[in-house]
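[1] Next come a sequence and a model predicted from it.
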There are 2 protein chains.
Amino acid sequence: MKRRDFGQYCGLARALELVGERWALLIVRNLVVRPRRYTELQTGLAGIPTNVLATRLKELEQAGIVERQVAPAPQRGVVYALTDVGRDLEPAVLALARWGATQLGEPQPGDVISPEGLVLNLRAVFQPAQAAGLTACWEIHVRDVVVHAVITDGDLTTGLGAAPVKPDLIITAHVPADAPASYRGIMTMVRDGLVDLSGRKKLLDTFVRVFTIPRAA
Amino acid sequence: MKRRDFGQYCGLARALELVGERWALLIVRNLVVRPRRYTELQTGLAGIPTNVLATRLKELEQAGIVERQVAPAPQRGVVYALTDVGRDLEPAVLALARWGATQLGEPQPGDVISPEGLVLNLRAVFQPAQAAGLTACWEIHVRDVVVHAVITDGDLTTGLGAAPVKPDLIITAHVPADAPASYRGIMTMVRDGLVDLSGRKKLLDTFVRVFTIPRAA
DNA sequence: CTGCATCCACTTTGATACTG
DNA sequence: CAGTATCAAAGTGGATGCAG
């Protein structure tokens, strides 16, 4: 398999040769959260042509970024997961997402919000300096999407579904079914208090302070 | 001008819509170091088709990442420079470059080293933790390429050409004219002592410690 | 049903030539 | 110097087919 290269011996050029093609980093984004089936990726990426997905997965596998695993137990299907090398991409993905978040305008009708997107965006806009020494646990509900954020002594872990421990505060955003739900939209609702709270409500301010979209330059 | 989008309201997707197309981030990389003329970009990018360069510059300008300036004084030509938004991309570019640096194999014949690449790679592999409290100034000579790295109380600045202050140590790598010169190659020479030193030679070890390519996973 | 492969219209890229 | 014009080759998007 021949890959097009940039003819430069440079870290950035190499990175772009490996993950610079269309859809590649979005696939990595979804796999950062957890391993996925082919069809999960297909629906989670909403719009990726199936042949492109297949091609990218092969390229990423050959690059040592993604591993194709055969699920053992009752599932007996194919599961794609990041390798260690692939996981090392997370800081770069978050850095790009952080910059991109400053360039987001209003959501377009038809834009989707995925649990993966929400989790990744939480990680991207996490402000470690604001969380120093903090310990807290939030659960965020948007329609049928549930994600959680746990900060333990300033360290963040996020994930899909309910929190692994009893959350200190549950934030529920009632987004109409026909409205596009976006991270920024949700954060705006949070900031404006248009959410239901259950638990230690004082932790809402903390949440807003710790997860802040950097302002555009 | 219609741009293809990913239909996701997500920071990463937005970033990729704006700078995810081929050559775009390499253009940004070269502009991070300093503003450039069209032809400088063309030669510095070694291999970019001229129509693609023209198209990208227009797209980046429309995205508010690049500014087209008309040079005032005796030069009176067109200069492309990053805007504030474009400069905010640097952390993401460095994060990608850092990851890519771990995925670099041996340089291929024909690979080029550019001053921009050298400067960017120095920034990418800079280890702030190792430089805490440090103040030092190095100048690196490779063939006719000269770049400098200044650390002031742990903060790094890098640039093209000779150091703005008298360097503590000048490192000269004698790379044969017909051999591909790479950042890793040079760092290997540095580590193996195959360089000429002029100045406080003890600062070579410091240099190696502060500018280390992270190992592959 | 999952996990792709194939086919086709369309777009982007690369290479080269050419111009104000 | 700073691009535009042209065209072949490669890549992408969309639909569909098909084996396990």
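    That came through fine.
[2] which residues does the most centrally placed residue in chain A contact?
    Taking C-alpha atoms, centre = their mean, the centroid of chain A lies closest to residue A:120, which sits 2.2 Å from it. By C-beta atoms under 8 Å, 6 or more residues apart in numbering or on different chains, the residues touching residue A:120 are A:29, A:32, A:33, A:93, A:94, A:97, B:10, B:11, B:12. Yep, even glycine has a C-beta here, placed from its N, CA and C like the rest.
[3] Just the buried subset of the residues you listed, written out for ChimeraX, thanks.
    Here is the ChimeraX command that selects the buried residues among the contacts of residue A:120 (16 or more other C-beta atoms under 10 Å in any protein chain shown):
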select /A:29,32,33,93,94,97 /B:10,11,12
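[4] Could you single out the nearest of the contacts of residue A:120 to DNA strand C?
    When the contacts of residue A:120 are ranked by distance to DNA strand C (C-beta to the nearest atom of the strand), residue A:33 comes first, at 16.6 Å.
[5] pretty sure the closest one contacts residue A:160?
    Yes: with contacts counted by C-beta atoms under 8 Å, residue A:33 reaches residue A:160, the gap being 6.4 Å.
[6] quick one: the strands in chain A?
    Counting by DSSP state E, chain A has strands at residues A:66-70, A:78-82, A:136-142, A:145-152, A:155-160, A:169-173, A:195-199.
[7] Kindly spell out which helices and strands sit in contact with the second one.
    Of the remaining helices and strands, those touching strand A:78-82 by 3 or more C-beta pairs under 8 Å, 6 or more residues apart in numbering or on different chains; DSSP states H and E are helix A:24-33, helix A:38-44, strand A:66-70.
[8] Please tabulate those in CSV, including the columns mean pLDDT.
    Output for those, formatted as CSV (pLDDT from 0 to 100):
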stretch, mean pLDDT
helix A:24-33, 96
helix A:38-44, 94
strand A:66-70, 94
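[9] Compute the number of surrounding residues for residue A:188.
    Each residue near residue A:188 was counted by other C-beta atoms under 10 Å in any protein chain shown, and the total is 13.
[10] Give the residues shared as contacts by residue A:33 and residue A:160.
    Joint contacts of residue A:33 and residue A:160 (C-beta under 8 Å, 6+ apart) are A:115, A:116, A:119.
[11] got the contact list for the first one?
    Think residue A:115. Here residue A:115 is in contact with A:33, A:145, A:146, A:147, A:160 (criterion: C-beta under 8 Å, 6+ apart).
[12] what do you get if the cut-off is 7 Å, keeping everything else the same?
    Contact analysis of residue A:115 by C-beta atoms under 7 Å, 6 or more residues apart in numbering or on different chains lists A:145, A:147, A:160.
[13] And it, how close does it get to chain B?
    The gap separating residue A:115 from chain B is 12 Å, by C-beta to the nearest C-beta, to the nearest Å.
[14] residues of stretch A:140-155 that come out buried?
    Within stretch A:140-155, the residues that count as buried by 16+ other C-beta under 10 Å are A:140, A:141, A:142, A:145, A:146, A:147, A:148, A:149, A:150, A:151.
[15] I meant to write stretch A:64-81 there.
    For stretch A:64-81, by 16+ other C-beta under 10 Å, it's A:65, A:66, A:67, A:79, A:80.
[16] And those residues, which two are furthest apart?
    The distance between the two most remote of the buried residues of stretch A:64-81 (C-beta to C-beta) is 15.0 Å, for A:65 and A:79.
[17] Where do the domain boundaries of chain A fall?
    Domain assignment for chain A, taken from automatic domain parsing, gives A:11-88, A:115-210.
[18] Now do the contacts for residue A:196.
    So residue A:196 contacts residue A:172 (C-beta under 7 Å, 6+ apart).
[19] I misspoke; the intended subject was residue A:53.
    A:41, A:42.
[20] how close does it get to residue A:43?
    Distance, residue A:53 to residue A:43, by C-beta to C-beta, to the nearest Å: 11 Å.
[21] picking that back up, between the shared contacts of residue A:33 and residue A:160, which is closest to DNA strand D?
    Set against DNA strand D, the nearest of the shared contacts of residue A:33 and residue A:160 by C-beta to the nearest atom of the strand is residue A:116 (18.6 Å).
[22] Going by neighbour count, list what's buried in the lowest-mean-pLDDT helix or strand in chain A.
    The weakest-scoring helix or strand in chain A, judged by mean pLDDT, DSSP states H and E, is helix A:183-191 (a mean of 76). Buried residues in helix A:183-191, counting neighbours by 16+ other C-beta under 10 Å, are found at A:183, A:184, A:185, A:186, A:187, A:189, A:190.
[23] could those residues go into CSV alongside distance to residue A:5?
    Shown next, in CSV, are these (distance: C-beta to C-beta, whole Å):
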residue, distance to residue A:5
A:183, 35
A:184, 37
A:185, 40
A:186, 40
A:187, 40
A:189, 45
A:190, 44
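[24] can you tell me which of those lies nearest to residue B:204?
    Nearest member of these to residue B:204, counting by C-beta to C-beta, is residue A:183, at 47.0 Å.
[25] Check what pLDDT residue A:74 gets.
    For residue A:74, the pLDDT comes out at 67.
[26] Same question for the one 10 residues further on.
    pLDDT for residue A:84: 97.
[27] Please tell me how far it sits from residue A:215.
    Counting by C-beta to C-beta, the gap from residue A:84 to residue A:215 is 35 Å.
[28] next one: residue A:5
    37 Å.
[29] Those two: which is more packed in?
    With neighbours defined as other C-beta under 10 Å, residue A:5 and residue A:215 compare such that residue A:5 has more, 13 against 6.
[30] Can you check the pLDDT for the residue nearest to that one when sequence neighbours are not counted?
    Nearest-residue entry for residue A:5: residue A:17, 5.2 Å, with adjacent residues in sequence omitted and distances by C-beta to C-beta, 6 or more residues apart in numbering or on different chains. Looking at residue A:17, its pLDDT is 97.
[31] Just give the number of residues close to residue A:17.
    Neighbour tally, residue A:17, other C-beta under 10 Å: 17.
[32] That one and residue A:205, how far apart?
    Distance, residue A:17 to residue A:205, by C-beta to C-beta: 45 Å.
[33] same thing with residue A:163?
    Distance of residue A:163 to residue A:205, given as C-beta to C-beta: 19 Å.
[34] between the two, who's got more neighbours?
    Each of residue A:163 and residue A:205 has its neighbours counted (other C-beta under 10 Å); residue A:163 has more, 20 against 10.
[35] so how far is residue A:42 from that one?
    28 Å.
[36] for residue A:113, same thing?
    To residue A:42, residue A:113 is 17 Å away according to C-beta to C-beta.
[37] More neighbours: these two, which one.
    residue A:113 (22 against 16).
[38] Just the pLDDT at that one, thanks.
    On the pLDDT scale, residue A:113 gets 71.
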